[in-house]
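**Q** Show me the folded form of this:
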Amino acid sequence: MKIKNLILTTAAAVLISSTVSAQGDQDTSASFLDSLPSFMKQMYIGAGMGSALAYTDIKQYPNGTPVIQYRTELGYGFNAFAGYKLNPYLSFTGSLAFARLNGTKRSSQTWFTSSVLQWDASVRFNVANAISKKTIESRKFDVNLLAGLGISAFRTSRHQLTNGYSSDPVVAVVGYNSLDTEDTKGRTQEGSIYGGISVSYRVNKYFDINLDMKGYYLNSDNLDAFVSTNASNDMYIYNSIGGIFHFGGRGAVKQEVAPAMDTRLDELIEKLKDTDGDGVADYLDIDNNTPAGVKVYADGTAIDTDGDGVADYLDQERVSPCKEVDANGVSKDGDTDGVADCNDIEPNTKAGAQVDSKGKAIATGPIGISPAIPSNDGVTDAPSAGVISGLPSVFFPSNSNSVTYKNYNALTQVAQFMKANPSAKLIIVGNSDKSGSASYNKVLGQKRAQSVVNHLVQQNGIDASRFTVQSKGSDDPISTRRNSGQDRRVDFLLGL
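**A** Residues are numbered from 1 along each chain as shown. Got it, this is the predicted structure:
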């Protein structure tokens with residue numbers, strides 16, 4: 001009983017000293033504790049007492065409910081411990097405990113009692129410090145998860161249940177020399193592992209009231225002096241209440257307070273804001289001032305189809321033939337002949353000269369152009385002859401007269417020519433392939449020519465009076481194939 005008395009004495013000393021520090025001259029104790037070396041300020045000691053309950057082969061109810069009648073299964077225990085705080089979340093603890101364990105099984109007419117000395121070392125993880133918004137000093141409660149290894153040294157006597165008292169006959173022992181329980185020897189020692197939870201309530205800076213709940217699992221099935229071939233190893237639970245004294249106070253290891261959940265939520269919401277409403281969050285948006293309705297890339301920059309450095313919503317020439325453009329995205333044309341510099345083989349054409357699609361000067365004025373002759377079908381026939389302007393033709397899909405995005409490059413050159421030559425007029429001649437009837441093709445050619453004129457008037461602001469619409473239908477094929485994309489076109493001839 002010397003060890004048990006030592007544990008009781010230690011527990012009493014801790015409780016008394018901590019109470020004195022809590023209620024006595026705090027200035028004196030604080031002054032002394034503040035003078036301790038820094039490593040000692042991270043140390044703590046404690047003690048407690050509580051109940052113990054064994055889970056072995058000799059137990060009345062497998063579900064854990066302890067029996068009290070005839071022979072109680074409730075036990076008791078005392079413990080003392082010391083530890084070191086590594087950081088606000090982890091600490092290491094060494095402890096020594098004494099536990100009295102009992103078990104009863106009336107169906108087998110047997111009971112046992114065991115005294116256990118438990119040495120163990122454990123790691124404590126402070127859950128409250130990890131998740132709480134409050135600091136160690138301002139928080140009243142701490143919650144720690146426990147896990148460790150130990151040695152269980154026990155001495156057990158198993159009795160025949162007669163009266164339920166210690167006078168009942170002894171039928172088996174562990175840790176004794178014989179069935180005479182007064183004739184002792186060294187305790188039986190087995191390795192053990194344990195886990196549990198510890199809840200502390202702060203009384204003051206240095207002292208906590210502590211509630212521990214631990215479960216011990218032994219590397220043995222002999223705690224109850226009864227070994228079963230089919231049973232698992234024995235275990236017991238020890239619940240205690242006591243006190244902890246922190247030499248440096250609870251805040252000896254400073255805690256970085258986790259940001260409040262609402263603060264983190266605000267930060268997330270701020271990141272997900274989309275100030276310019278382009279569908280790209282601000283923290284990913286390179287250009288956070290994109291005008292409303294402008295299409296953007298994934299990084300928030302406005303789409304630039306031709307890659308000329310001018311965004312589409314500002315680009316007056318959406319598909320520039322050259323990379324060198326002005327502030328409006330229009331290809332540079334040094335001689336203003338309507339042909340971009342990068343495609344101009346004569347970049348110094350005199351002002352007002354008419355040029356072909358490569359920027360080369362061409363003869364101007366009509367040559368042998370006969371007047372338009374209305375036909376019986378209401379579609380104007382093409383002139384008998386004309387001067388090819390050198391402007392690019394516009395091509396169409398089969399049976400279509402719609403101007404599409406693919407036509408913009410050619411039509412841009414036509415518009416540039418017309419603006420650079422204000423007195424110039426063009427004959428817009430529609431053509432078709434030979435896949436349809438001659439009359440149908442004539443009408444289709446007329447529609448194609450008119451669609452081109454409509455585009456130049458509406459999109460480029462060219463005066464409609466400068467155009468004459470005519471159709472050759474399928475009468476002027478370029479290809480020998482019946483269904484040829486080369487023949488589905490509109491040509492530009494110089495007019496009067």
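
**Q** mind listing the helices in this protein by residue range?
**A** Along the chain, the segments classed as helices by DSSP state H run 2-23, 26-34, 38-41, 127-131, 261-271, 408-420, 438-460.

**Q** give me the number of residues near Ala464?
**A** Look at Ala464: counted by other C-beta atoms under 10 Å, it has 11 neighbours. For glycine as for every other residue, the C-beta is placed from the backbone atoms N, C-alpha and C.

**Q** Pairing partners for Leu117 in the sheet, please.
**A** For Leu117, the beta-bridge partners are Phe98, Ala153 (DSSP bridges).

**Q** Return the member of the helices of the chain having the minimum mean pLDDT.
**A** Lowest mean pLDDT within the helices of the chain: helix 2-23, at a mean of 48.

**Q** Walk me through the domains of this protein.
**A** 2-246, 373-494 (automatic domain parsing).

**Q** Of these, which is nearest Leu268?
**A** Taking C-beta to C-beta, domain 2-246 is the member of the domains of the chain nearest to Leu268, at 16.9 Å.

**Q** For the domains of the chain, give me a markdown table that also has distance to Ala302.
**A** Converted to a markdown table, the domains of the chain look like this (distance: least, C-beta to C-beta, whole Å):
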| stretch | distance to Ala302 |
| --- | --- |
| domain 2-246 | 43 |
| domain 373-494 | 18 |
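
**Q** Let me know which of the ones you listed is the nearest to Val280.
**A** domain 373-494 (25.2 Å).

**Q** any weak-confidence spans in the chain?
**A** 1-34, 133-137, 252, 254-266, 316, 337-338, 351-357, 362-389, 496 (pLDDT under 70).

**Q** most centrally placed residue in it?
**A** Leu268 (11.0 Å; C-alpha atoms, centre = their mean).

**Q** Ala298 and Tyr313, how far apart?
**A** 17 Å (C-beta to C-beta, to the nearest Å).

**Q** Of the two, which one has the most company?
**A** A direct count of neighbours by other C-beta under 10 Å for Ala298 and Tyr313 places Tyr313 higher, at 15 against 10.

**Q** For the more buried one, give me its contacts.
**A** Pro291, Val294, Ala302 (C-beta atoms under 8 Å, 6 or more residues apart in numbering).

**Q** And it, how far from Gly293?
**A** Applying C-beta to C-beta to Tyr313 and Gly293 gives a distance of 8 Å.

**Q** residue contacts, the closest residue to Tyr217 other than its chain neighbours?
**A** Distances taken as C-beta to C-beta, 6 or more residues apart in numbering place Met235 nearest to Tyr217, at 4.6 Å, with adjacent residues excluded. Met235 sits next to Ala54, Tyr55, Thr56, Gly215, Tyr216, Tyr217, Leu218 when contact means C-beta under 8 Å, 6+ apart.

**Q** CSV please, covering these and showing distance to Lys442.
**A** Shown next, in CSV, are the contacts of Met235 (distance: C-beta to C-beta, whole Å):
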residue, distance to Lys442
Ala54, 108
Tyr55, 103
Thr56, 107
Gly215, 98
Tyr216, 103
Tyr217, 99
Leu218, 105
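
**Q** Roughly how far does Gly50 sit from Gly77?
**A** According to C-beta to C-beta, Gly50 and Gly77 sit 6 Å apart.

**Q** Give the residues shared as contacts by those two.
**A** Tyr238, Ser240.

**Q** What's the separation between the residue nearest to Tyr217 and Ala121?
**A** Taking C-beta to C-beta, one finds Met235 at 19 Å from Ala121.

**Q** Out of the domains of the chain, flag the one nearest Asn328.
**A** With C-beta to C-beta as the criterion, Asn328 lies closest to domain 373-494 of these, at 12.9 Å.

**Q** Give the buried residues for stretch 396-412.
**A** Buried residues in stretch 396-412, counted by 16 or more other C-beta atoms under 10 Å: Phe396, Asn401, Val403, Asn407, Tyr408, Asn409, Ala410, Leu411, Thr412.

**Q** Stretch 425-440 now?
**A** Lys425, Leu426, Ile427, Ile428, Val429, Gly430, Asn431, Ser432, Asp433, Lys434, Ser435, Gly436.

**Q** could you dump these to a markdown table with distance to Ser451?
**A** Output for the buried residues of stretch 425-440, formatted as a markdown table (distance: C-beta to C-beta, whole Å):
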| residue | distance to Ser451 |
| --- | --- |
| Lys425 | 19 |
| Leu426 | 15 |
| Ile427 | 15 |
| Ile428 | 10 |
| Val429 | 13 |
| Gly430 | 9 |
| Asn431 | 13 |
| Ser432 | 13 |
| Asp433 | 17 |
| Lys434 | 21 |
| Ser435 | 19 |
| Gly436 | 17 |
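
**Q** hmm, back to that, which among the domains of the chain is found nearest to Ala327?
**A** domain 373-494 (17.2 Å).

**Q** about what we covered before: could the contacts of Tyr313 go into CSV alongside distance to Val174?
**A** Formatted as CSV, these follow (distance: C-beta to C-beta, whole Å):
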residue, distance to Val174
Pro291, 87
Val294, 85
Ala302, 84
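
**Q** What residues does Val296 make contact with?
**A** Val296 neighbours (C-beta under 8 Å, 6+ apart): Asp278, Gly279, Val280, Asp287, Thr290, Ala302, Ile303.

**Q** Of those residues, which is the nearest to Lys85?
**A** Closest to Lys85, out of all of the contacts of Val296 and judged by C-beta to C-beta, is Val280, at 46.9 Å.

**Q** isn't the closest one right up against Leu272?
**A** No. Counting by C-beta atoms under 8 Å, Val280 stays clear of Leu272, with 10.6 Å between them.

**Q** Just want to know which of the two has more residues nearby.
**A** Val280 (20 against 11).

**Q** related to what we said a few turns ago, which of the contacts of Met235 sit farthest apart?
**A** Thr56 and Gly215 (13.7 Å).

**Q** who's more crowded, those two?
**A** Thr56 (25 against 17).

**Q** Relative to Gly248, how far out is that one?
**A** Taking C-beta to C-beta, one finds Thr56 at 42 Å from Gly248.
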